[in-house]
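Student: Output the structure for:
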Amino acid sequence: MPPISPITPHSFAQVKLITERLTLRPLIAADVPALFTIFSEPQVARYLSRSAWASIDIAHARIARDIDGLATGKYLCLGIFLTSNDALIGECWLFNLVDQCRRAEVGYTLGLNHWGHGYMNEALVALLSFGFSALSLNRVEADIDPRNSASAKSLERLGFKLEGHLRERWIVDGEVSDSGLYGLLERDWRVRQS
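Tutor: Below is the predicted model of the structure:
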């Protein structure tokens, strides 16, 4: 077993991950309009644990909160940008970091116009590689709406296993939904990547 090391460095503010088609980097104030466009789309928010954004002020507040969270190492939230034109198409994050257990949760959202092109898989491979190597994570968890079959397939493609089903866990805009709980262990990730 690898030695236990802290998973929260002093700052995530300078983290930048590069893939074949994408750049993952922290969001800045200039990204507010694009972020609002993504999260204000009802189809994108359909399976999230919150409503579609009704005001651009939410995007301003979110990026300000993320800048603070990154600087203090509370969580890692990265925008997903197309390298070809620097367009923001989504985001992914590691949050609820638990040092003692070397555990985190993963979250992700992709803009509607970019579904079905393999971008999220590409981004999550980079994020999970960073989490398991740079942060010495042992386990990453995900909580999704089980009706979101595309998200379930994305997680399973990465090696996540469905480990539980929580009934009526969320109520968003009066709609009750369940949670599918997924887990991925570092050793299983290494086997899949080799």
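
Student: for this structure, what spans make up the helices?
Tutor: Counting by DSSP state H, the chain has helices at residues 32-39, 42-45, 56-72, 119-133, 149-158, 186-193.

Student: mind listing what's buried in the shortest one?
Tutor: Judged by neighbour count (16 or more other CB atoms under 10 Å), helix 42-45 contains these buried residues: 44-45. For glycine as for every other residue, the C-beta is placed from the backbone atoms N, C-alpha and C.

Student: With the first one instead?
Tutor: Taking 16+ other CB under 10 Å as the basis for neighbour counts, the residues of helix 32-39 that come out buried are 32, 34-39.

Student: circling back: and the helices of the chain, which one is worst for confidence?
Tutor: Lowest mean pLDDT of the helices of the chain: helix 42-45, a mean of 91.

Student: okay, that one in CSV with CA atoms only?
Tutor: The C-alpha trace of helix 42-45 is given here as CSV (Å, rounded to 0.1, in the frame of the first residue of the first chain):
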residue,chain,number,x,y,z
PRO,A,42,-32.5,22.8,-18.9
GLN,A,43,-31.3,19.6,-20.7
VAL,A,44,-27.9,20.0,-19.1
ALA,A,45,-29.4,20.6,-15.7
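
Student: Against which helices or strands is it packed?
Tutor: Judged by 3 or more CB pairs under 8 Å, 6 or more residues apart in numbering; DSSP states H and E, helix 42-45 is in contact with no other helix or strand.

Student: Contacts for that helix next, please.
Tutor: Residues from elsewhere that reach helix 42-45 (CB atoms under 8 Å, 6 or more residues apart in numbering): 38-39, 51-53, 109-112.

Student: Now render the helices of the chain as CSV, adding distance to Leu24.
Tutor: Formatted as CSV, the helices of the chain follow (distance: least, CB to CB, whole Å):
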stretch, distance to Leu24
helix 32-39, 14
helix 42-45, 18
helix 56-72, 12
helix 119-133, 6
helix 149-158, 15
helix 186-193, 18
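
Student: among those helices, which is nearest Trp170?
Tutor: Trp170 lies closest to helix 42-45 among those, at 12.3 Å (CB to CB).
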